[in-house]
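Undergrad: what follows is a predicted structure for the sequence shown.
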Amino acid sequence: MKKIMFVGPIGVGKTTLTQRIEGVEIIYAKTQTVQFHDDIIDTPGEFVQHRLMYNALLVTAAEADILGFLISAKEKEQMFPPGFASLFNKPAIGIITKMDLIDENDDIEFIKNQLVMTGASPIFKVGINSDKGIQDLLNYLNTLDK
């Protein structure tokens, strides 16, 4: 699997998704510093929420093969600026988290469009409680090795 760097606001589920992919017990913990794992770089939410921290994301991205921009399915505000992926010289994918916490009739087009406007493609929908979309995401990341 290519090394992915998860980028997203506080509470979006970057650490939880990391724990789920690594197959360890899911324990909520606020990420205070960049956490390096075998195939994942987990970044603090402040790095994307405060523009002064963008430099930290740019430096950390040098260690990644691909970027994963995460937004919660419950989010109603703009989280990333348009064209955000163009700051990095890496491919970027979008990941909509917490899909298992919304009603199936909820409209997530705003979130999908937000990720597309960042330059992320394709877009994955995941839910940790139901494992929704996790295997699709892993299959995609594993195909990048070939």
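TA: Good, I have the coordinates. Numbers count the residues shown, from 1 in each chain.
Undergrad: any idea how far the residue nearest to the spatial centre of the chain is from residue 105?
TA: In the chain, the centroid-proximal residue (CA atoms, centre = their mean) is residue 70; its distance is 3.1 Å. To residue 105, residue 70 is 23 Å away according to CB to CB, to the nearest Å. No exception for glycine: its C-beta is placed from N, CA and C like everyone else's.
Undergrad: next one: residue 50
TA: 34 Å.
Undergrad: so the two - more neighbours on which side?
TA: Neighbour tally, residue 50 and residue 105, criterion other CB atoms under 10 Å: the higher count belongs to residue 50, 11 against 5.
Undergrad: still on that earlier bit, can you confirm the residue nearest to the centre of the chain is in a strand?
TA: Yes. Per DSSP: H, G, I helix; E, B strand; the rest coil, residue 70 lies within a strand segment.
Undergrad: when you give positions from now on, start the count at 12
TA: Okay, using 12 as the starting number, the last item reads as residue 81.
Undergrad: who's in contact with it?
TA: Counting by CB atoms under 8 Å, 6 or more residues apart in numbering, residue 81 makes contact with 17-19, 23-25, 28, 105-108.
Undergrad: ok, of those residues, which one's closest to residue 50?
TA: residue 17 (11.0 Å; CB to CB).
Undergrad: before we move on, what SS does the closest one have?
TA: strand.
Undergrad: which strand residues bridge it?
TA: residue 53, residue 79 (DSSP bridges).
Undergrad: for it, list the residues it contacts.
TA: Here residue 17 is in contact with 25, 28-29, 51-54, 79, 81, 106 (CB under 8 Å, 6+ apart).
Undergrad: would you turn the residues you listed into JSON lines with distance to residue 71 and pLDDT?
TA: What follows is these, written out as JSON lines (distance: CB to CB, whole Å; pLDDT from 0 to 100):
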{"residue": "25", "distance to residue 71": "13", "pLDDT": "95"}
{"residue": "28", "distance to residue 71": "17", "pLDDT": "95"}
{"residue": "29", "distance to residue 71": "14", "pLDDT": "94"}
{"residue": "51", "distance to residue 71": "12", "pLDDT": "96"}
{"residue": "52", "distance to residue 71": "6", "pLDDT": "97"}
{"residue": "53", "distance to residue 71": "10", "pLDDT": "96"}
{"residue": "54", "distance to residue 71": "6", "pLDDT": "96"}
{"residue": "79", "distance to residue 71": "13", "pLDDT": "98"}
{"residue": "81", "distance to residue 71": "15", "pLDDT": "97"}
{"residue": "106", "distance to residue 71": "17", "pLDDT": "97"}
